[in-house]
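Trainee: predicted model follows, preceded by the sequence.
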Amino acid sequence: MKNNLKIAPSILSSDFSILGKEVENITSAGADLIHIDVMDGHFVPNLTIGPDIIKSIRAYTQLEFDVHLMIENVDRYIPNYAKAGADIITIHSEVSKDIIKTIDIIRQHGKKVGLAFNPSSPITILNQIIEKLDLVLIMTVNPGFGGQVFMEDQIEKIVSTKKIIDMSKKEVLLEVDGGINENNIKIVAESGASIIVAGSAIFKGNKDNYKLNIEKLRNYN
Ligand code: DX5
Ligand code: ZN
């Protein structure tokens, strides 16, 4: 299990004035995929990265772009993010009025589909749609900002999600996002996570520290 764990640095905590360079830095530091937090100021109280920025950093790495859409009117914007270079498009379960339709839009663009759950949201819908997904994202902070405190009460939800995935006929990735660091990654990984998102724990110090920061997460104990 430990060796299969993928680390997805969230560039929300990187230096935006040199974003392309930061994507390059984190790639050479050993990231497995690049997590990109898209916020619209409506679904969450913060504004971040639009499709043009994603397009402009696409050439800085060969790694997959794991695009986490924390936005409303998601059906309208999926095509823009797909064309900008997203590989995985994760939408929030709370925003889509017709999740199956939204999933189909992502598929029509040839992208992998993720479904995210806020800490207060139930995951019961997964029982019906797990086989349509490539990834489930469990939030361990309320989305909107990097650097928040990990919510331990979400561990049970990670375990339940893992059970639903295991019972399905499909290989679905289980991503966990929010407040993860070297002190709590063990419980997250052992609860069944296959992708760990981390922003502030990875982009701390200067670029020479990124490799060690990733290694500390990977070699948790
Ligand atoms: C929160 C974002 C996270 C966040 C992670 O809304 O979805 O990806 O940037 O940052 P840390 O690891 O600092 O909580
Ligand atoms: Zn995220």
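Mentor: It's in. Ligands and ions are numbered 1, 2, ... in the order given.
Trainee: report how many residues lie close to the residue of the chain at minimum distance from ligand 1.
Mentor: Closest contact between the chain and ligand 1, by CB to the nearest ligand atom, is at G199 (2.8 Å). For every residue, glycine as well, the C-beta is placed using N, CA and C. Using other CB atoms under 10 Å, G199 has 24 other residues around it.
Trainee: so it touches Q148, yeah?
Mentor: No. G199 lies out of contact with Q148 (CB atoms under 8 Å); the separation is 9.7 Å.
Trainee: which residues of the chain score low on pLDDT?
Mentor: Within the chain, the stretches with pLDDT under 70 are 1-3.
Trainee: mind naming the longest helix for it?
Mentor: helix 155-167 (DSSP state H).
Trainee: neighbouring contacts of that helix?
Mentor: 117, 123, 126-127, 130, 136, 138, 172, 174, 176, 187-188, 191-193 (CB atoms under 8 Å, 6 or more residues apart in numbering).
Trainee: buried among these? Need that as a selection in PyMOL.
Mentor: Buried members of the contacts of helix 155-167 can be picked out in PyMOL with the line below, counting by 16 or more other CB atoms under 10 Å:
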select buried, resi 117+123+126+130+136+138+172+174+176+188+191+192+193
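Trainee: how much space separates H68 from E175?
Mentor: Going from H68 to E175 by CB to CB, to the nearest Å gives 9 Å.
Trainee: can you check A189 too?
Mentor: For A189, the distance to E175 - CB to CB - is 12 Å.
Trainee: looking at the two, which is more packed in?
Mentor: E175 (26 against 21).
Trainee: now the more buried one, nearest residue through space, not along the chain?
Mentor: Leaving out its chain neighbours, the residue that sits closest to E175 by CB to CB, 6 or more residues apart in numbering is I195, at 4.0 Å.
Trainee: could you do F150 as well?
Mentor: For F150, the closest residue by CB to CB, 6+ apart turns out to be G179, at 3.1 Å.
Trainee: surely that neighbour forms part of a strand?
Mentor: No. Going by DSSP: H, G, I helix; E, B strand; the rest coil, the assignment for G179 is coil, not a strand.
Trainee: these two touch, right, it and V141?
Mentor: Yes. Proximity of G179 to V141 meets the contact threshold set by CB under 8 Å, at 5.0 Å.
Trainee: who touches both of those two?
Mentor: 148-151.
Trainee: okay if I get the residues you listed as CSV plus neighbour count and secondary structure?
Mentor: Shown next, in CSV, are the shared contacts of G179 and V141 (neighbours: other CB atoms under 10 Å; DSSP: H, G, I helix; E, B strand; the rest coil):
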residue, neighbour count, secondary structure
Q148, 15, coil
V149, 10, coil
F150, 19, coil
M151, 15, coil
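Trainee: which residue does this structure have closest to ligand 2?
Mentor: H68 (3.8 Å; CB to the ion).
Trainee: get me the contact residues on the protein for ligand 1.
Mentor: Residues of the chain lying near ligand 1 by CB under 6 Å from any ligand atom: 10, 12-13, 35, 37, 68, 141, 143-144, 146-148, 177-180, 197-201.
Trainee: which of those residues are buried?
Mentor: 10, 12-13, 35, 37, 68, 141, 143, 146, 177-180, 197-201.
Trainee: among those, which lie within strands?
Mentor: Counting by DSSP state E, the part of those found in strands is 35, 37, 68, 177, 197-198.
Trainee: and which of those residues is nearest to T61?
Mentor: H35 (12.2 Å; CB to CB).
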